[in-house]
Every structure is written in structure tokens, then in C-alpha cells.
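Novice: Quick one, structure for this:
(one chain, ligands or ions: 2)
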Amino acid sequence: WATFADDVDAIDRLKREHDAVVLAHNYMTPEIFHGVADIAGDSLALAREAQSVEASTIVLAGVHFMAETAKLLNPAKRVLIPDLRAGCSLAESITPEDVLALRAAHPGVPVVTYVNTSAAVKAVSDICCTSGNAVKVIESLGVEEVIMVPDQYLARNIAAQTGVRVITHPGACEVHERFTPADIATIRADHPGVTVLAHPECPPEVVDAADASGSTAQMIDFVTREHPRTVALITECSMSDNVAAEHPDVEFVRPCNLCPHMKRNTLRAIRLALETGRHEVTVDPALAAPARRAIERMLEVR
Ligand code: 13P
Ligand code: SF4
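Specialist: Numbering: from 1, shown residues only. Ligands and ions are numbered 1, 2, ... in the order given. Got it, this is the predicted structure:
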């Protein structure tokens, strides 16, 4: 804890010296989430916040696509990611060529792309979505069929909620695809009365077995609003740690799969990013304009 405290103090000082803010995803460990984050949120909140940040430097404590999205939305800012290895299995699963092949096979069908993708993939997409706004984005299009990439499970879960047909790509989140309906059955047997909330990157059978489904921020809102006696958040390990700290009267069952990419973020790496200016995120100018358009279209959907 002594070194944690040293790093937290140093990060506070460095933020002032360098006119920087730390935007942190909800999967950050508690010492980052509660200790140094100026703003914490889900992918959608981080994108919205990145648009309006006034500080000249953004440290994005999350994964690469989140930092790239921040840079696209606020290109005048210096955006730093503490560890360049912080990727995402969904972003890795798809290339622009895959999207173009789907477009060629399904002419005229709009392409809705999850933000968990590279700028190059966003650049060949019509509109982005996050887990927090996917239903609204799909409904805003007013069509019967969409190409929804790259998360096959998110696509099927949103199709079930909207009635819109989805053409999918075989991508999956390496964290959420590991949860099973049997996990939920065990949690319910061991904790009668438990409320189960599942992230929509989980397979549809898992979402069906849960009481509700939503983005990380929507799960936090649910706990704050409904105050369940016992709750299980079917998502990454740090979520329950972070939310439990703010709700001492709620019992958290802790099914836990770790995202190794999110966990590349440490206090030490954030401190080093501020001390050395590494690793600055840039976007190929040829991709930036079309990628930004797809994200901005998403942000216009309310
Ligand atoms: P949220 O947008 O729900 O925070 O999800 C991001 C993510 O990477 C989930 O695995
Ligand atoms: Fe990507 Fe899954 Fe990690 Fe989220 S939890 S960053 S979707 S690998």
C-alpha cells in the first residue's frame, strides 16, 4: 500500500504539471478506479467525456480502441495509453476487408460496428454502437436487417431485443464468452434470491438465464437504483470490487473472469505515461474522418 500511495500522490502531481486527466474504464482495479480516475465509465460515457475534455492530455486507462476513440473525437488533445499491449479480442477478430466482404455479399444493408474495433474497421462502417446504446442505434436506423460486427453474441442479444435481423461475424469477447448457463444455475442454487445481471457480450443462453442485461454503467445504475440484497455481475472481475466499495449493504457474489488487456493498466504504468509521455495514440489521417463520422453518428442517437 505504501507504493500504491506513492504512485497515487505522484499521479496527482503529474496530472497538475501536465494539464492531464485520467479517463478510466469500469474494469480498472480499485486503486485506479477510486484512486486516480478523474472520470470513470463505460465505453459510451468515456467517448462522450473524451469529446468535451478541456485538459490538454488524456490518459486513457482502458484498452486501445478506447484511446483511439478519444483521439478521434478530440484530435487536438494528446492521448496516452499506459500500455500498448492493452488490446481486445473483439478488435483483433475483424479487418476492414472482412467488413467490405460482408457489404459485397449484402448490398444496401447498413453496417453497425461495435466500438470495440480499430479505426480502420470503423472507417468502413455506417455507424458505431456500444453495449449501452446498441438497441437505440439499431432502432434509429428503421430497417429490418443490419450487418452487426464483430461480436456475434452482442448481435444476437440485440436482435432478440429489437426484432431486427442481424448478419454477424464470428467475433467474441474472450472474457464474456467463458460464462455459461451452468454458472448462473450454480449462483442461483448457492444464493437464493440473487439478482443476476449479465453483460450483453455474454452468449445469449447466459443473457436469457440472467434477470437483466446491460453495459457496465447500466449494471452500476441498476445496483444504485434497485439496491438488490444480493447481486451477481456476470462480467469482468474488477466490476464487483469497484461497485461493492460504494454499496457496503449489498452482497456481491463474485463470478470472475479477468480481462488480461484491461489489467495491463497499473498505477505504475499510468505514472510512467505521465512522466515520459508514452504511449501517444495517433490515427492515420486517411482513416480519421470516416471513422469519426461513424462514431459521431452514434453519439447523435439519444
Ligand atoms: P462497456 O461499454 O459495457 O463498458 O463494455 C466495454 C467492454 O469492453 C466490455 O467488455
Ligand atoms: Fe475486449 Fe472483452 Fe477485454 Fe472488453 S473484456 S476489452 S471486450 S477482451
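
Novice: what residues are up against the residue lying closest to L100 once chain neighbours are set aside?
Specialist: Spatially, and ignoring its direct neighbours in sequence, L100 is nearest to V124 (6.0 Å; Cβ to Cβ, 6 or more residues apart in numbering). Where you see a C-beta, it was placed from the backbone N, CA and C, and this is true even at glycine. Applying Cβ atoms under 8 Å, 6 or more residues apart in numbering, one finds that V124 lies in contact with P96, V99, L100, R103, V111, P290.

Novice: For V124, which phi and psi angles does the backbone take?
Specialist: Taking degrees, to the nearest 10, you get phi -110, psi 20 for the backbone angles of V124.

Novice: among the contacts of V124, which are in helices?
Specialist: P96, V99, L100, R103, P290 (DSSP state H).

Novice: any idea which of these is the one closest to N257?
Specialist: The closest of the ones in helices among the contacts of V124 to N257 turns out to be V99 (Cβ to Cβ; 27.8 Å).

Novice: if I pick whichever residue of the stretch 101-250 of the chain sits closest to ligand 2, what's in contact with it?
Specialist: Nearest residue of the stretch 101-250 of the chain to ligand 2 (Cβ to the nearest ligand atom) works out as C173 at 3.3 Å. Under the criterion of Cβ under 8 Å, 6+ apart, the contact list for C173 reads C88, S89, L90, N116, D151, Y153, E201.

Novice: now check stretch 41-60, is it near ligand 2?
Specialist: No. Under the criterion of Cβ under 6 Å from any ligand atom, ligand 2 is not reached by stretch 41-60; the shortest gap measures 8.5 Å.

Novice: How about that stretch and ligand 1, touching?
Specialist: Yes. Against ligand 1, stretch 41-60 shows contacts by Cβ under 6 Å from any ligand atom at D42, S43, L44.

Novice: Let's see if you can find the most crowded of the residues you listed.
Specialist: When neighbours are counted by other Cβ atoms under 10 Å, S43 leads those with 26 neighbours.

Novice: Identify the residue nearest that one in space, chain neighbours excluded?
Specialist: Once flanking residues are discounted, S43 sits nearest to T130: 4.4 Å by Cβ to Cβ, 6+ apart.

Novice: Test my guess that the one you found contacts V112.
Specialist: No. Proximity of T130 to V112 does not meet the contact threshold set by Cβ atoms under 8 Å, at 11.0 Å.

Novice: These two: which is more packed in?
Specialist: Legend: neighbour count by other Cβ under 10 Å for T130 and V112, higher for V112 (26 against 23).

Novice: What's opposite the more buried one in the beta bridge?
Specialist: I127, M148 (DSSP bridges).

Novice: Which pLDDT value goes with it?
Specialist: Per-residue pLDDT puts V112 at 99.
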